[in-house]
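**Student:** Build me a structure from this.
(2 chains)
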Amino acid sequence: MTTITPLLCFCLLLGRLSEDEQLVMLEEAEAYHHDALCCGAKPDRSTIDTAIQKYENVLREVDLAEPIRLEILWNIALLYMNTPGAPPGDYSHWKKASEYYELIVKESPTVDKRVIVAHAQLGDIYSRTGELTRAESNYLRLRSLPRELTDEQRSALDPELTEFASQAVNHLVAFYEEHGVMPSAQGMADEEVAAAFSKRSKARRDAQMNGAVTDFLEHLLNASRESTSGTSVPEDDGNRESQVAAVPPAMNTVSPDSADPPIPNTGFSDVPTRPGPTRAQKTVLLLGLALGAALILWRSRRVWRKK
Amino acid sequence: MGARSLHHRGAFRILGLLAMCTAASAVQPTKPLEEVRALERSGDPDLETSLSAVVDNALRAFDAPVNFEGHPDYGRSTARTVAELPFAVKHSVRKNQSLAHCLDELMELSRGLLEVQNILGNTCIVPKKSDKDEILNNLDVPVSLHLENVSTWEALKALGIEINTVDATDYSFLISLACFDEGNSPPEAFTEEKVISLSLDDVTARYALCTIMNASPLELSYTYVCGTKLQVATDKLIISVHENGKRVLGNRSLTPEEWEWWRREKHEVGWERER
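**Tutor:** Alright, predicted model coming up:
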């Protein structure tokens, strides 16, 4: 008795819940989770908040079997991701969700479908919150996972594993474009990512160059039209005259995209200054300009002669 | 109801002469019952049913080999073909509930009919005796067993033959495997790996059975089902195989030849005898 009493007092002081109390606590949290996310209706903020709070209490107070603990971490992350009412640009709930996704990745004994989705979610979340290195790292993890698993593990996780690994390429390229950064060394080491990024960059440059040439030619045409409708009387030789137009702007007409948001020092290298037209392209443009100017001058001389 | 003739001997020695077993007769390391937890809710808390049914449901909910013996008082009937139950109970296993807590609940529901024993590290739910020498079922029968380099099945078969030879109860003893319910073969190690050697004198059949299970290269559990006198008056011991605690029912179908072989083997245990 003398040894039992201090032990009992110690347990009471610890405030340790009995197993029955722990089971009830878990059941209550699950009931709120069910009401918050599983009824098909729009999530209610207060139910979600209560479910999160109860689950977090369970994590603190209940001795959980490992699979159940992982399930609860997952549920909490989902609850945070689905919390409504956040103002635009406020990613604080997603940031809280990321803490739980990180725990899932850390504590899962094997790679399973939750781990795969967790990495994908972390990539998206960190992309939104501006933690670019972490974002890229998670997207790249999706790419490396299939290579690290045995055939048996892969087949158990497919088709999701292959799908996420494939989509990660698109996510990464979009991520680099959105933030105006180059892939890191790790990103460039992934051949598929490097190739996709390079292809996308070239396509964008080509599109911009084509757009610039089209703009210039349209400018010449417009200038020609303006000169025939101006004060000089054009000779009707079937050709339209155009006044000497102002010399078009400098050849480096590739206008930059709308200004990128300022990029914090993330360790990524900035995208180099958009390259101007090549030498050959410049020559062609100059020739075209010279021809147009010569034509205009010739027409103008004829007019002056007649006067 | 359920009166049973007691052919118990006088004072017999349990743990008299224990010789070696090649595989450890020492306790196999098992997870503490408080750490084994149900991963899902199981059973209907509002459904009234038999104690055997709730125990069976409970044990399936946990990935742990737990042995269960039906109590002869509710496992048999002289008047009906279906086991008569003295009372009905309600029970469900709750998510994250520990096996220890669940067993406590089940023992309380049994109203003192059952108790949990740890025998050589094996958790066994057994009928509670009023007298330690009482023989409630065939696993209380005293046996002697001396085996060398035999397989798991050979050891179990030898035990079954010994029990039926001693013939200490009104009920003969049959051994079967849970995987047979699915028409499947047990793992090859069950019949092929001859690693069991033991020498036991004057121990309960239950003790010998736990010794065999510990010595086997496979993870095993048993369920003891009491028969009825209107049928063949046979008690059945059903052996289950586990992998990492989880009960497995095999994945290879038995061929007709294999079925015949098993039928002959079970027959040789000697359960079909005159009563």
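
**Student:** Quick check: residue B:147 is in a strand.
**Tutor:** Yes. Read with DSSP: H, G, I helix; E, B strand; the rest coil, residue B:147 is one of the residues of a strand.

**Student:** Quick check: it vs chain A, distance?
**Tutor:** 38 Å (Cβ to the nearest Cβ, to the nearest Å). Every residue, glycine included, has its C-beta placed from N, CA and C.

**Student:** do the same with residue B:51
**Tutor:** Residue B:51 sits 21 Å away from chain A, taking Cβ to the nearest Cβ as the criterion.

**Student:** isn't that residue right up against residue B:108?
**Tutor:** No. Using Cβ atoms under 8 Å, residue B:51 is not in contact with residue B:108, being 11.2 Å away.

**Student:** Would you mind telling me which of the two has the busier surroundings?
**Tutor:** Neighbour totals were compared for residue B:51 and residue B:108, and residue B:51 leads with 23 against 11 (other Cβ atoms under 10 Å in any protein chain shown).

**Student:** Torsion angles phi and psi at the more buried one?
**Tutor:** phi -60, psi -40 (degrees, to the nearest 10).

**Student:** Return the residues in contact with it.
**Tutor:** By Cβ atoms under 8 Å, 6 or more residues apart in numbering or on different chains, the contact set of residue B:51 is B:71, B:74, B:85, B:87, B:89, B:106, B:109-110, B:113-114.

**Student:** Can you read off the pLDDT for residue 146?
**Tutor:** All of this is about chain A. Per-residue confidence (pLDDT) for residue A:146: 87.

**Student:** hm, I was asking about chain B
**Tutor:** For residue B:146, the model assigns a pLDDT of 97.

**Student:** Could you measure from the closest residue to it other than its chain neighbours over to residue A:120?
**Tutor:** Spatially, and ignoring its direct neighbours in sequence, residue B:146 is nearest to residue B:199 (4.8 Å; Cβ to Cβ, 6 or more residues apart in numbering or on different chains). Residue B:199 sits 61 Å away from residue A:120, going by Cβ to Cβ, to the nearest Å.

**Student:** if we can go back for a sec, doesn't the residue nearest to residue B:146 fall inside a strand?
**Tutor:** Yes. Going by three-state DSSP, the assignment for residue B:199 places it inside a strand.

**Student:** Count residues in the vicinity of it, would you?
**Tutor:** By the criterion of other Cβ under 10 Å, residue B:199 has 14 neighbours.

**Student:** and the closest residue to residue B:141 other than its chain neighbours, how far is that from residue B:127?
**Tutor:** Using Cβ to Cβ, 6+ apart and skipping residues adjacent in sequence, the residue nearest residue B:141 is residue B:168, 4.4 Å away. Going from residue B:168 to residue B:127 by Cβ to Cβ gives 15 Å.

**Student:** Look up phi and psi at residue 218.
**Tutor:** Using chain A here. Note on residue A:218: backbone dihedrals following degrees, to the nearest 10 are phi -60, psi -40.

**Student:** looking at chain B here, not the other one
**Tutor:** The phi/psi pair for residue B:218 (degrees, to the nearest 10) reads phi -100, psi 160.

**Student:** cool, and the one 3 residues further on?
**Tutor:** Geometry field for residue B:221 lists phi and psi as phi -140, psi 170, criterion degrees, to the nearest 10.

**Student:** So it versus residue A:159, what's the distance?
**Tutor:** 37 Å.

**Student:** Which of these two has more residues huddled nearby?
**Tutor:** residue B:221 (22 against 8).

**Student:** Okay, and the beta partners of that one?
**Tutor:** residue B:240 (DSSP bridges).

**Student:** Tell me how far it lies from chain A.
**Tutor:** 20 Å.

**Student:** show me the contacts for that residue.
**Tutor:** By Cβ under 8 Å, 6+ apart, residue B:221 lies in contact with B:65-67, B:213, B:239-240, B:242, B:247.

**Student:** these two touch, right, residue B:63 and residue B:243?
**Tutor:** No. Counting by Cβ under 8 Å, residue B:243 is not a contact partner of residue B:63; they are 9.4 Å apart.

**Student:** Neighbour count: those two, which is higher?
**Tutor:** Remark: of residue B:63 and residue B:243, residue B:63 carries more neighbours, 18 against 11, as counted by other Cβ under 10 Å.

**Student:** Please identify the buried residues of the lengthiest helix in chain B?
**Tutor:** Longest helix in chain B, counting residues (DSSP state H): helix B:152-166. Residues B:152-164, B:166 are the ones in helix B:152-166 that count as buried (16 or more other Cβ atoms under 10 Å in any protein chain shown).

**Student:** and what of stretch B:241-251?
**Tutor:** Here stretch B:241-251 shows B:241-242, B:247-248, B:250 as buried, counting by 16+ other Cβ under 10 Å.

**Student:** show me the contacts for the residue in chain A positioned nearest to chain B.
**Tutor:** As assessed by Cβ to the nearest Cβ, chain B sits closest to residue A:65 within chain A, at 3.8 Å. Counting by Cβ under 8 Å, 6+ apart, residue A:65 touches B:37-39, B:96.

**Student:** and residue B:213, that one's in a helix?
**Tutor:** Yes. Going by three-state DSSP, the assignment for residue B:213 places it inside a helix.

**Student:** dump the residue contacts of it.
**Tutor:** So residue B:213 contacts B:122, B:220-222 (Cβ under 8 Å, 6+ apart).

**Student:** Show me which of the residues you listed is closest to chain A.
**Tutor:** When those are compared for distance to chain A (Cβ to the nearest Cβ), residue B:221 wins out at 20.1 Å.

**Student:** Just the pLDDT for that closest one.
**Tutor:** For residue B:221, pLDDT reads 95.

**Student:** Residue A:77 now?
**Tutor:** pLDDT, residue A:77: 97.

**Student:** what's the neighbour count on it?
**Tutor:** Residues near residue A:77, counting by other Cβ under 10 Å: 27.

**Student:** just the CA coordinates of the helix or strand encompassing it, formatted as PDB?
**Tutor:** Per DSSP states H and E, residue A:77 falls inside helix A:66-81. Backbone C-alpha positions of helix A:66-81 (Å, rounded to 0.1, in the frame of the first residue of the first chain) are rendered in PDB as follows:
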ATOM      1  CA  GLU A  66       1.100   4.100 -35.800                       C
ATOM      2  CA  PRO A  67      -1.200   3.600 -38.700                       C
ATOM      3  CA  ILE A  68      -4.000   5.500 -36.800                       C
ATOM      4  CA  ARG A  69      -1.600   8.300 -36.000                       C
ATOM      5  CA  LEU A  70      -0.700   8.700 -39.700                       C
ATOM      6  CA  GLU A  71      -4.300   8.600 -40.600                       C
ATOM      7  CA  ILE A  72      -5.000  11.500 -38.100                       C
ATOM      8  CA  LEU A  73      -2.100  13.500 -39.500                       C
ATOM      9  CA  TRP A  74      -3.600  13.100 -42.900                       C
ATOM     10  CA  ASN A  75      -7.000  14.100 -41.800                       C
ATOM     11  CA  ILE A  76      -5.700  17.200 -40.100                       C
ATOM     12  CA  ALA A  77      -3.800  18.200 -43.200                       C
ATOM     13  CA  LEU A  78      -6.900  17.800 -45.300                       C
ATOM     14  CA  LEU A  79      -9.000  19.800 -42.800                       C
ATOM     15  CA  TYR A  80      -6.500  22.700 -43.000                       C
ATOM     16  CA  MET A  81      -6.400  22.500 -46.800                       C
END
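
**Student:** How far does it sit from its chain's centre?
**Tutor:** On the basis of Cα atoms, centre = their mean, to the nearest Å, helix A:66-81 sits 25 Å off its chain's mean C-alpha point.

**Student:** going on from that helix, what's the next piece of helix or strand?
**Tutor:** Using DSSP H and E, the helix or strand that follows helix A:66-81 in sequence is helix A:92-107.
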